[in-house]
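S.K.: what shape does this take:
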Amino acid sequence: MTIRPRRSALYMPASNARAIEKARSLECDVVILDLEDAVAPEQKAAARAQAVAAGGFGHREWVIRANGLDTEWGADDLAAITGAGCDAVLIPKVSDPATLHAAREKLGPGPALWAMIETAQAIVDLRAIGEAAAETGLTAFVVGPNDLAKELRLRPGVDRAPLLPILSQIVTVARAYRIVPLDGVMNAFDDEAAIEAECRQGLAFGFDGKTLIHPNQIAPANRVFAPSDDEVAWAQTIVAAFDAPENVGKGAIKVEGKMVELLHRDDARRTLALAAAIRR
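M.R.: Numbering: from 1, shown residues only. Next up is the predicted model:
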């Protein structure tokens with residue numbers, strides 16, 4: 001089973017050359033060079049040039065967040081990104097499949113598309129966006145909680161209660177269409193306990209990882225979204241039990257006093273594959 005860890009996806013402003021270099025030494029799984037929210041209008045062109053010249057980040061996945069196609073910078077961003085060699089392009093405010101098709105047309109058959117889910121219309125049309133994944137090369141949903149809260153006039157609070165139905169819907173559609181769901185950012189970056197708690201909430205809802213705005217948030221995200229030692233040990237036990245000669249062909253067996261089925265074996269294999277990928 002091939003799997004790529006995306007426990008921690010760190011936004012870095014592409015206008016900041018020092019930040020780009022710092023990202024090469026950080027323990028995040030994904031580096032997102034941001035051309036959108038983190039870059040002032042007068043710095044857009046320079047940021048674009050730095051982003052496409054970054055040249056990769058070693059084992060880290062390299063993603064560039066472009067400006068929206070409805071802005072004066074979006075088309076130039078995608079034209080420049082086409083030859084950059086990044087792993088994916090994050091498209092902001094994807095509210096319908098047409099946005100994905102337009103981005104793919106401008107990028108050609110190059111990097112994968114990631115979609116920011118951050119508008120009310122995106123939630124209404126989420127299934128249609130998911131259905132367009134195969135033909136547009138869409139591989140990830142990224143939650144934009146701040147924009148969602150603003151547009152929907154929500155007041156999420158620490159527990160994010162008003163957002164929870166939306167988060168569940170995003171994960172459901174993502175899983176239905178084999179799209180990676182990544183939880184949105186947390187604005188507080190100097191409270192490790194708080195970021196860990198929000199990561200655990202995201203894990204419970206089914207997210208594969210979390211987008212981050214500060215290096216201080218990387219360690220908690222990596223810790224939460226990685227299988228624990230106990231989870232790895234239990235997964236090894238389940239896989240070994242199903243592989244035993246006496247259990248070949250069985251759909252359900254008893255392991256250490258618990259009934260486990262083939263679905264548990266498959267989940268155990270994924271756990272082991274993720275743990276192995278993280279070690280690599």
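S.K.: CA atoms only: put stretch 45-56 into PDB for me.
M.R.: What follows is stretch 45-56, C-alpha atoms only, in PDB (Å, rounded to 0.1, in the frame of the first residue of the first chain):
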ATOM      1  CA  ALA A  45       4.900  39.300  -8.900                       C
ATOM      2  CA  ALA A  46       8.100  38.900  -6.800                       C
ATOM      3  CA  ALA A  47       6.400  36.200  -4.600                       C
ATOM      4  CA  ARG A  48       5.400  34.300  -7.700                       C
ATOM      5  CA  ALA A  49       9.000  34.400  -9.000                       C
ATOM      6  CA  GLN A  50      10.300  33.100  -5.700                       C
ATOM      7  CA  ALA A  51       7.700  30.400  -5.400                       C
ATOM      8  CA  VAL A  52       8.300  28.800  -8.800                       C
ATOM      9  CA  ALA A  53      12.100  29.000  -8.400                       C
ATOM     10  CA  ALA A  54      12.000  27.200  -5.000                       C
ATOM     11  CA  GLY A  55      13.000  23.900  -6.500                       C
ATOM     12  CA  GLY A  56      11.400  21.500  -4.000                       C
END
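S.K.: buried residues in that stretch?
M.R.: Buried positions in stretch 45-56, judged by neighbour count with 16 or more other Cβ atoms under 10 Å: 45, 47-48, 50-52, 54. For glycine as for every other residue, the C-beta is placed from the backbone atoms N, C-alpha and C.
S.K.: ok, now stretch 265-276?
M.R.: Buried residues in stretch 265-276, defined by neighbour count with 16+ other Cβ under 10 Å: 265, 268-269, 271-272, 274-275.
S.K.: what's the closest of those to Ala174?
M.R.: Leu274 (16.6 Å; Cβ to Cβ).
S.K.: correct me, but that closest one touches Arg7?
M.R.: No. If you go by Cβ atoms under 8 Å, Leu274 and Arg7 don't touch, sitting 9.1 Å apart.
S.K.: so what sits against both of those two?
M.R.: Contact with both Leu274 and Arg7 is made by residues Ala226, according to Cβ atoms under 8 Å, 6 or more residues apart in numbering.
S.K.: quick one, strands of the stretch 151-280 of the chain?
M.R.: Taking DSSP state E, counting those that start in this stretch as the criterion, the stretch 151-280 of the chain contains strands spanning 180-183, 209-212, 252-255, 258-261.
S.K.: can you pull the buried residues of the first one?
M.R.: By neighbour count, with 16+ other Cβ under 10 Å as the criterion, the buried positions of strand 180-183 are 180-183.
S.K.: using CSV, list the CA coordinates for that strand.
M.R.: Extracted in CSV, the C-alpha atoms of strand 180-183 (Å, rounded to 0.1, in the frame of the first residue of the first chain):
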residue,chain,number,x,y,z
VAL,A,180,-7.4,13.6,0.9
PRO,A,181,-9.2,15.9,3.5
LEU,A,182,-7.0,18.3,5.4
ASP,A,183,-8.3,20.3,8.3
